[in-house]
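Asks: Sequence first, predicted model second:
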Amino acid sequence: MKRATFELVGATCTSCSIGIEHMGRRIKGVEEIWVDRQTGTIYMDFDGNSATVDKITQFVQAIGYQANFLGMEDTPAEAVTTGR
Ligand SMILES: [Cu+2]
């Protein structure tokens, strides 16, 4: 599994973050997604397909914000069992 990070622009409140997390989890290929509002970062554990990255950026844009893909790395092994 891969972990991607995105810079989140324009979404600063709790309901924005919760919406992104809840709807993002329903996107095919996404294992887990969460928002760190302190840093304005979206974290996503996913299947590693670039198509999934594109789906997230498009979905975030569709609900009125912007997600700039920063990069991806292998998900830390301990996170695979805990979901974070
Ligand atoms: Cu908001």
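Replies: Everything's here; your move. Residues are numbered from 1 along each chain as shown.
Asks: In the protein, what residue spans correspond to strands?
Replies: Assigned by DSSP state E, the chain shows strands spanning 2-9, 30-36, 41-46, 66-74.
Asks: The ones you listed: which one's closest to residue 23?
Replies: The closest of the strands of the chain to residue 23 is strand 30-36. By CB to CB, the value is 9.0 Å. (Glycine included, C-beta is placed from N, CA and C.)
Asks: what's the most buried one of the strands of the chain?
Replies: Across the strands of the chain, the average number of neighbours (mean count of other CB atoms under 10 Å) peaks for strand 41-46, which reaches a mean of 22.
Asks: Tell me which strands that one pairs with, and in which orientation.
Replies: Partner strands and pairing direction for strand 41-46 (DSSP bridges) are strand 2-9 (antiparallel), strand 30-36 (antiparallel).
Asks: could you dump those to a markdown table with mean pLDDT?
Replies: Listed next are the strands paired with strand 41-46 as a markdown table, based on pLDDT from 0 to 100:
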| stretch | mean pLDDT |
| --- | --- |
| strand 2-9 | 97 |
| strand 30-36 | 97 |
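Asks: any chance of those strands in TSV, with distance to residue 24 too?
Replies: TSV is the format used below for these (distance: least, CB to CB, whole Å):
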stretch	distance to residue 24
strand 2-9	10
strand 30-36	4
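Asks: circling back: want to throw the strands of the chain into TSV with distance to residue 53?
Replies: Supplementary listing: the strands of the chain in TSV, determined by distance: least, CB to CB, whole Å:
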stretch	distance to residue 53
strand 2-9	6
strand 30-36	10
strand 41-46	8
strand 66-74	6
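Asks: JSON lines for those, including distance to the ion?
Replies: As requested, the strands of the chain are exported to JSON lines (distance: least, CB to the ion, whole Å):
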{"stretch": "strand 2-9", "distance to the ion": "11"}
{"stretch": "strand 30-36", "distance to the ion": "11"}
{"stretch": "strand 41-46", "distance to the ion": "14"}
{"stretch": "strand 66-74", "distance to the ion": "13"}
